[in-house]
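Colleague: Predicted coordinates and the sequence they were generated for:
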Amino acid sequence: MSKIIAVTSGKGGTGKSTICAGLGYTLAKQGHRTLIIELDFGLRCLDIMFGMENSIQCDLGDVLSGKKKVLEAVSHVPMASNLNLLSAPKTLTSVTAEQIVDICRSIKKYFEYIIIDTGAGINSHVFDIVEQANLILVVSTPDQVCIRDASLMSDEFYNRGNKSQRLIINKVSKKVIGDSLVANLDEIIDKVGVQLIGVIPDDFKMTVATGKGNPIPTDSEALRAFDAIAKRLDGDFVPLTFNN
């Protein structure tokens, strides 16, 4: 049985798609058959992050229109043998939560992990889609606006009965922890109200890699953090890699 993981955030700019890319990459590198479904219609970026900008032949829009079956629209990511991508269409396309659920059900036997890169924002469309996931990863940065929006989104998930939530704090550096935006990581965890699963450092090496569509360097601090999160998702106990 595959595990469906929805990655979401209360607002744009938190690095949600980068989280999906890094997590999908490390899960695949650990030997798990992994699929990322991208739902940022009209704003897709994962093809660029994976160096596939000019090689995507089909996307989710072709599936929704009935032109292609799901597996026919899935693209293999060359940088990781177990990683696959179902890209969002380049144009705005209507979709329902039921359609995404049907897509996941039709292909879940082929993958161990299905990561859903949801659109950012607090709206019923996102909630309806995320409700179908086995685990919700709420992404926030140390910015107070992001923290508040993550808290509001998480509260709504809890109100809807979605208790399987974990928090990822992204773009963390010692410059913003302590003297600037927040006192410590515990302040963010307390305000969002969700158990922490990982902290992703602000890592220039990963920014360059995803911007150029290259594999994440093995000496990247962010890669080590993603590797730890992937192992936690698989049931292993791994300590946090960020030293606050």
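Modeller: Alright, I've got the coordinates.
Colleague: Give the next helix or strand downstream of the longest helix seen in the chain.
Modeller: Criterion DSSP state H: the longest helix present in the chain is helix 144-159. Proceeding C-terminally, helix 144-159 gives way to strand 165-172 as the next helix or strand, assigned by DSSP states H and E.
Colleague: now the angle between helix 144-159 and that next one, please.
Modeller: On the basis of axes from the mean of the first three to the mean of the last three C-alpha atoms, to 10 degrees, strand 165-172 is oriented at 170 degrees to helix 144-159.
Colleague: Could you tell me which strands strand 165-172 is paired with, and in which direction each runs?
Modeller: For strand 165-172, sheet partners with direction are given as strand 135-140 (parallel), strand 196-201 (parallel), following DSSP bridges.
Colleague: Mean neighbour count, mean pLDDT and distance to S75 added to those strands, as JSON lines?
Modeller: In short, each C-beta sits where N, CA and C put it, glycine included. Conversion of these to JSON lines gives the following (neighbours: other C-beta atoms under 10 Å; pLDDT from 0 to 100; distance: least, C-beta to C-beta, whole Å):
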{"stretch": "strand 135-140", "mean neighbour count": "25", "mean pLDDT": "94", "distance to S75": "23"}
{"stretch": "strand 196-201", "mean neighbour count": "22", "mean pLDDT": "94", "distance to S75": "25"}
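Colleague: In the longest helix of the chain, which of the residues would be classed as buried?
Modeller: C146, I147, D149, A150, S151, M153, S154, E156, F157 (16 or more other C-beta atoms under 10 Å).
Colleague: so which of the strands paired with strand 165-172 gets nearest L185?
Modeller: Go through the strands paired with strand 165-172 one by one with C-beta to C-beta and the one that ends up closest to L185 is strand 196-201, at 6.6 Å.
Colleague: now that closest one, how far from the chain's geometric center?
Modeller: Mean-position distance between strand 196-201 and its chain equals 13 Å (C-alpha atoms, centre = their mean, to the nearest Å).
Colleague: List the contacts of it.
Modeller: 15, 19, 22, 137, 166-173, 185, 189, 221-222, 225-226, 228-229, 232-233, 240-242 (C-beta atoms under 8 Å, 6 or more residues apart in numbering).
Colleague: give me that answer again for 7 Å
Modeller: Where contact means C-beta atoms under 7 Å, 6 or more residues apart in numbering, the residues beyond strand 196-201 that reach it are 19, 137, 166-170, 172-173, 185, 189, 221-222, 225, 228-229, 232, 240, 242.
Colleague: which strands and helices sit next to the helix or strand of the chain with the lowest mean pLDDT?
Modeller: Of all regular secondary-structure elements in the chain, judged by mean pLDDT, DSSP states H and E, the least confident is helix 124-130 with a mean of 70. Helices and strands in packing contact with helix 124-130 are listed as strand 3-8, helix 97-107; criterion 3 or more C-beta pairs under 7 Å, 6 or more residues apart in numbering; DSSP states H and E.
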